[in-house]
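1. Sequence below, structure please.
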Amino acid sequence: MSKLALHAVLTAAEGKGAELEAAVTQLVAASEEEAGLEVYAAAVDSNNPDVIHFFEIYADEAALGVHGSGDGMKAAMGAVGGLLDGAPVITMLRPFAGKGVAV
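-> Numbers count the residues shown, from 1 in each chain. Next up, the predicted model:
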């Protein structure tokens with residue numbers, strides 16, 4: 001089985017950028033409960049502090065399938081969802097090379 005990756009873009013509702021960043025920090029901490037989630041990294045857009053980019057790598061399709069199902073992740077995702085200006089924009093990716101990450 002090959003690994004799966006995705007890129008997600010989250011945009012904060014007006015005036016909620018700092019709150020979204022704090023909530024995403026909790027989301028990343030909660031991701032520790034997901035064994036098949038190998039990379040879960042968030043970064044603020046240099047040109048717009050209200051936009052957060054996620055890069056995620058999953059061991060396989062099964063790991064992606066259970067993403068967000070743990071209690072900690074559900075709670076953290078709920079907090080993040082209330083701070084967004086619309087749905088996240090998600091792009092599915094097929095990793096093929098990387099430094100520091102076995103693909």
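
2. Not counting its neighbours along the chain, what's nearest residue 55?
-> In this structure, residue 55 finds its nearest non-sequential neighbour in residue 41, 5.0 Å apart by Cβ to Cβ, 6 or more residues apart in numbering. Every C-beta, even on glycine, is put in place using the N, C-alpha and C of the backbone.

3. distance of that neighbour from residue 50?
-> Distance from residue 41 to residue 50, counting by Cβ to Cβ, to the nearest Å: 19 Å.

4. that older thread, pretty sure the residue nearest to residue 55 is in a strand, no?
-> Yes - under DSSP: H, G, I helix; E, B strand; the rest coil, residue 41 falls within a strand.

5. Might you report the residue contacts of it?
-> 28, 54, 55, 56 (Cβ atoms under 8 Å, 6 or more residues apart in numbering).

6. for residue 7, same thing?
-> Counting by Cβ under 8 Å, 6+ apart, the residues that residue 7 touches are 53, 54, 55, 56, 90, 91, 93.

7. Do a quick rundown of the strands in the protein.
-> Secondary structure of the chain by DSSP state E: the strands cover 4-11, 37-45, 48-58, 89-93.

8. Please identify which pair of the contacts of residue 41 lies farthest apart.
-> Using Cβ to Cβ, the two most remote members of these are 28 and 55, lying 11.6 Å apart.

9. For the helix-or-strand element of the chain with minimal mean pLDDT, name the packing helices and strands.
-> Ranked by mean pLDDT, DSSP states H and E, the weakest helix or strand in the chain is helix 71-81, scoring a mean of 89. For helix 71-81, the helices and strands in contact under the criterion 3 or more Cβ pairs under 8 Å, 6 or more residues apart in numbering; DSSP states H and E are helix 17-30.
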